[in-house]
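**Q** Next input, structure requested:
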Amino acid sequence: MNQSLITQEFGIIIAAKNHNPTLLNPDFLKYSGIVPAEWELARQPISTPNVSQVAFTNGVMIVAEPTRVIFIEAIEGKPVAEIIVADIAKKYVQTLPNVEYEAVGLNPRSYMSFDQQQDAARQYLAEMLLSPGPWQEVGTAPVRATLNLVYTMARCPFYLTVSEAALRNSDETSTPIVLFNGSFSYEVKGETAPERLGNLHQIIDNWQVDLADYQEIISTKFLAKVPDNTTVVPNIFTMTASAVA
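**A** Modelled structure (predicted):
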């Protein structure tokens, strides 16, 4: 059986000290050269002392908080060469070099869907990834699970959350899916601000390697466990539930 992994988005989360969320606004992004001037807003920006958000029609969104900055791009169906979120993140930190950046998470999110099998996502988690036992027999309904995994990679820890969710179809029905939320977690190193900024750029530059490794892990270690009698099909719908990146 051919199984499909739909990589929906790629996020870059940068932990920082003394970051001012109110700096984030469309004018700052465009006048600083972080994003092109012709980019159009997808909705009205949010700006408060605790969180600011700017979203564009091309699927790029930036969220600023006092302790972190989040860059997200919808990448479903995009060739790797057209993914731009890493360049945007690098330009942002280069524009604000005096912020104390501490860590970086490179976070891909994907899913696989089960066509016309409403309980298949739950069964995949409870029966394919977990061992059966009396612990699954508690309560009046089948147990539902979320699996949190931590892998020790040579370059950094890799965190993976596997959870059940659903896609809302245009006819108001839903399609069960299994979500795979990954995070390659790096510490920013360096004695001086320029050294730390350089290390931060090196980490972000590694995003293609991390994305490729993530997709290989999911495709070869998780999709291979889908039973032959389960139909997995790609979908492009609106997600109604997801794990936190």
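**Q** use CA for all of it now, contacts and neighbours both
**A** OK.
**Q** What is the neighbour count of the closest residue to Y92 other than its chain neighbours?
**A** Distances taken as CA to CA, 6 or more residues apart in numbering place I34 nearest to Y92, at 5.9 Å, with adjacent residues excluded. Counted with other CA atoms under 10 Å, residues neighbouring I34 total 19.
**Q** I'd guessed I34 sits against L96; true?
**A** No: I34 is beyond contact range of L96, at 10.8 Å (criterion: CA atoms under 8 Å).
**Q** Residue ranges in the protein under the pLDDT threshold?
**A** Scanning the chain with the threshold set as pLDDT under 70 gives 1-3, 115-118, 135, 140, 224-245.
**Q** Scan it for its longest helix.
**A** Secondary structure assigned by DSSP state H gives helix 193-205 as the longest helix of the chain.
**Q** Which elements pack onto that one?
**A** Packing contacts for helix 193-205, counted by 3 or more CA pairs under 8 Å, 6 or more residues apart in numbering; DSSP states H and E, involve helix 85-95, strand 100-114.
**Q** That one versus helix 85-95: what angle between them?
**A** Counting by axes from the mean of the first three to the mean of the last three CA atoms, to 10 degrees, helix 193-205 lies at 170 degrees to helix 85-95.
**Q** contacting residues around Q208?
**A** Counting by CA atoms under 8 Å, 6 or more residues apart in numbering, Q208 touches V80.
**Q** Now it: which helix or strand?
**A** Assigned by DSSP states H and E, Q208 belongs to helix 207-217.
**Q** Please apply the same query to V69.
**A** Going by DSSP H and E, V69 is in strand 68-74.
**Q** Okay, now the sheet partners of that strand, with direction.
**A** strand 6-17 (antiparallel), strand 60-65 (antiparallel) (DSSP bridges).
**Q** Between those strands, which one is closest to P157.
**A** Among the strands paired with strand 68-74, the nearest to P157 by CA to CA is strand 6-17 (14.8 Å).
**Q** can you list the residues that contact whichever helix or strand comes after the closest one?
**A** Next in sequence after strand 6-17, counting helices and strands by DSSP H and E, comes helix 26-31. Applying CA under 8 Å, 6+ apart, the contact partners of helix 26-31 are V35, P36, A37, P45, V54.
**Q** which of those count as buried?
**A** Listed as buried from these are V35, V54; burial here means 16 or more other CA atoms under 10 Å.
**Q** Which of the contacts of helix 26-31 sits closest to Q202?
**A** V35 (20.4 Å).
**Q** Can you list the neighbours in contact with the longest helix of the chain?
**A** 86, 90, 93-94, 97-98, 100-101, 104, 106, 186, 188-190.
**Q** Among the residues you listed, which one sits closest to R168?
**A** L106 (27.0 Å).
**Q** Can you get me a residue count around that closest one?
**A** 25.
**Q** Tell me if I'm right that it and I12 touch.
**A** Yes: with contact defined as CA under 8 Å, L106 reaches I12; the gap is 4.8 Å.
**Q** Among the strands paired with strand 68-74, which comes closest to N169?
**A** strand 6-17 (16.1 Å).
**Q** tell me the contacts of W39?
**A** W39 is in contact with F56, T57, N58, counting by CA under 8 Å, 6+ apart.
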